[in-house]
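Trainee: can you look at this prediction? I've put the sequence above it.
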Amino acid sequence: MNATNRVLIDPELERIQNFSGKYPKQLWGLFFSEMWERFCFYGMRGVLTYFMVTHLVLENGAHMGAGQANLQYGATQAFVYAFTFIGGLFADKILGFRKSLFWGGIMMIVGSLILAFDPFPEHNFFLGISFTIVGTGFFKPNISTMVGSLYKSNDSRRDAGFSMFYSGINIGALLGGYGCIAIGKGQLFSSFVPEAYRWNLAFGLAAVAMTISLVTFIFTQKGLGTIGLSPFKAKTMIDQDGNTVETKASGKKWYEYAVYAGTLLVIPIIMTMVAKTEYTDWFMYIIGPATLVYLIYEMTKHTWSEVKKLVAALIFIFFSIIFWAFFEQSGGSLSIFAAQNLSDTVMGSVVLDPNGVNNAANSVFVIIFAPLVGLLWVALAKKKIEPNTVVKFGLGFIFLAGGFYTLYATRFFETVVGSGVASLDVFAMAYLVITFGELCLSPIGLSIMTKLSPIRMQGVMMGSWFLASAYGQYVAGILGAGLSEGSENDTLYEKLITYTDGYYQLAIYALIAGIVLIVISPLVRKLMQEVR
């Protein structure tokens, strides 16, 4: 048999994937590395809109209006997730997942340090944000892909593993999401942090967390075997006859250096495009269709069976855009809603910063319920009554609709009738319902991308999943801007009515999307074939 036609097996990968118990031991290293990266990411994400409205100094000496801040938030987050596609592409073709992750982490540290030094001038702010955008693009999709590589394609424990991974990273999101905004606003550590340096410390903590993330990965990556190594690196494989085969290294080392240099050269371009949201519009008009054309081209290199699975993956990706457009109001319109229209007490006496609750409530509920939901899927699978992935997606939208209806209901729970200040308890309850929607969709989505994608396209498809999030973030910014601009000069009560009317509309649209997904589930299941 010709050597090129041999079926080659990676013995290291086989050893890792043949683990016993519910979770592979390598999951925990990736778990902690991602946890601290999410501290950095969510810490910065949680302060963006509030910081731009209250503290960012524009070139004209003013602060941003609420509507513009929502658009700016949507543009920033859109670029973050759009670059995950590019990061996944370079990881697949040149760097490998490990080098891509490490380079992204370095970029995020640099961005956080720029903001920690002096975040207030417009130039510094957008320069730091641009480093963080590109860094997240290299880091985020590749660590998720490595989690998927710990499992064989038909391993029923995969969803539970992703749910546990999703729970763990939310510890970082909780700490960063609450801590950074609370420190910046003076709600936390105000007794020993001078007022003039609160925001510097808030951004500086993100750099510290990202450094811990990279150190964690450096010391735990040895257990990953060949997972995440550069495609240029030679590997020792075994063929079906038990013979050892040394694969040849492909590509040239200068390709890697070109990626690093190109990353730095693109920073000024990203900075300009993020600062001026009209450029973001053009970017989003181009990157989506271009990505779709590229994916169709890649499909021509695969079998019809693989193509059908990729079509199913694209259906999941399309619906995820709608989901994130609604869900990501949390960083935009809900951030301003929390600052203006919510009380600062829960359960009658516990004082909490409402922006901190907006940033952290979802993470608290994910930490509590993600492991339980993951184990529920495993238990239902053993009894052969687990809902298929499409139905899980549909349920995610139905929970999302319930959460936004609860946000609408905050108008009926004012602390004082007519004050426009609503109950923080009801607001937190809305996040509880929304979290169940997220747990039905997001960790399952990460898992299904790795299941439906051929090996050589896993990084690109994971990047496409996050690119869908980019479009969701982009649309979220537009929706949030409409809500904020419409109420900018209103009284608090009028703002409460305007915002909650908008959330009611989002609840209706989410419900419709969920019903549609459940109705078309048999068709999508046929495209998925043996994948569940």
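Mentor: Perfect, thanks for sending it. Keep in mind that what you see is a predicted model, and the values were worked out from it rather than measured.

Trainee: only C-alpha atoms for contact and neighbour calcs from this point on.
Mentor: Fine.

Trainee: what stretches of the stretch 151-300 of the chain score poorly on pLDDT?
Mentor: Scanning the stretch 151-300 of the chain with the threshold set as pLDDT under 70 gives 234-252.

Trainee: how many residues are close by residue 500?
Mentor: When neighbours are defined as other Cα atoms under 10 Å, residue 500 has 22 of them.

Trainee: thought it was touching residue 412?
Mentor: No. Taking contacts as Cα atoms under 8 Å, residue 500 lies outside contact range of residue 412: 10.2 Å.

Trainee: please enumerate the strands of the protein.
Mentor: Secondary structure of the chain by DSSP state E: the strands cover 236-238, 244-246, 345-346, 350-351.

Trainee: show me what the last one is in contact with.
Mentor: With Cα atoms under 8 Å, 6 or more residues apart in numbering as the contact definition, strand 350-351 has outside contacts at 344-345.

Trainee: what pairs with it, and is each one parallel or antiparallel?
Mentor: strand 345-346 (antiparallel) (DSSP bridges).

Trainee: what lies in contact with the strand it pairs with?
Mentor: So strand 345-346 is contacted by 351-352, 423-425 (Cα under 8 Å, 6+ apart).

Trainee: ok, 7 Å please
Mentor: Contacting residues not belonging to strand 345-346 are listed as 351-352, 424-425 [Cα atoms under 7 Å, 6 or more residues apart in numbering].

Trainee: rebuild the residues you listed as TSV, extending it with distance to residue 31.
Mentor: Listed next are those as TSV, based on distance: Cα to Cα, whole Å:
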residue	distance to residue 31
351	31
352	28
424	31
425	31
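
Trainee: among these, who's most crowded?
Mentor: Highest count within the contacts of strand 345-346 by other Cα under 10 Å belongs to residue 424, 27 neighbours.

Trainee: low-confidence regions, the protein specifically.
Mentor: Along the chain, segments meeting pLDDT under 70 span 1-8, 234-252, 446, 459, 485-488, 532.

Trainee: now do the lengthiest helix in it: which elements does it pack against?
Mentor: Identified as the longest helix of the chain according to DSSP state H is helix 492-528. Counting contacts by 3 or more Cα pairs under 7 Å, 6 or more residues apart in numbering; DSSP states H and E, helix 492-528 packs against helix 304-327, helix 389-409, helix 458-485.

Trainee: and the angle from it to helix 458-485?
Mentor: Orientation of helix 492-528 against helix 458-485 (axes from the mean of the first three to the mean of the last three Cα atoms, to 10 degrees) gives an angle of 160 degrees.

Trainee: quick one, helix 492-528 and helix 389-409 angle?
Mentor: 170 degrees.

Trainee: buried set for helix 492-528?
Mentor: Judged by neighbour count using 16 or more other Cα atoms under 10 Å, the buried positions of helix 492-528 are 492-504, 506-511, 513-515, 517-518, 521, 524-525, 527-528.

Trainee: how near is residue 101 to residue 142?
Mentor: 6 Å (Cα to Cα, to the nearest Å).

Trainee: these two: which is more packed in?
Mentor: residue 142 (29 against 26).

Trainee: sorry, back to before: including mean neighbour count and distance to residue 23, could the helices and strands packed on helix 492-528 go into a markdown table?
Mentor: A markdown table is the format used below for the helices and strands packed on helix 492-528 (neighbours: other Cα atoms under 10 Å; distance: least, Cα to Cα, whole Å):
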| stretch | mean neighbour count | distance to residue 23 |
| --- | --- | --- |
| helix 304-327 | 20 | 25 |
| helix 389-409 | 25 | 21 |
| helix 458-485 | 27 | 21 |
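
Trainee: out of these, nearest to residue 58?
Mentor: Residue 58 sits nearest to helix 458-485 of all the helices and strands packed on helix 492-528, at 18.6 Å, using Cα to Cα.

Trainee: ok, back up a step: from the contacts of strand 345-346, which is closest to residue 370?
Mentor: residue 425 (21.5 Å).

Trainee: OK, contacts around that closest one?
Mentor: 346-347.

Trainee: switch the cut-off to 10 Å
Mentor: Shown in contact with residue 425 (Cα atoms under 10 Å, 6 or more residues apart in numbering): 342-348, 357, 410, 413.

Trainee: equivalent analysis for residue 429, please.
Mentor: 361-362, 403, 406-407, 410, 435.

Trainee: before we move on, what about residue 53?
Mentor: 62-70, 336.

Trainee: let's see it at 8 Å
Mentor: With Cα under 8 Å, 6+ apart, residue 53 has these contacts: 63-66, 69.

Trainee: what does residue 497 give?
Mentor: Per Cα under 8 Å, 6+ apart, neighbours of residue 497: residue 411.

Trainee: measure it to residue 470 for me?
Mentor: Counting by Cα to Cα, the gap from residue 497 to residue 470 is 29 Å.

Trainee: for residue 126, same thing?
Mentor: Counting by Cα to Cα - residue 126 and residue 470 are separated by 18 Å.

Trainee: go on, residue 389?
Mentor: Taking Cα to Cα, one finds residue 389 at 22 Å from residue 470.
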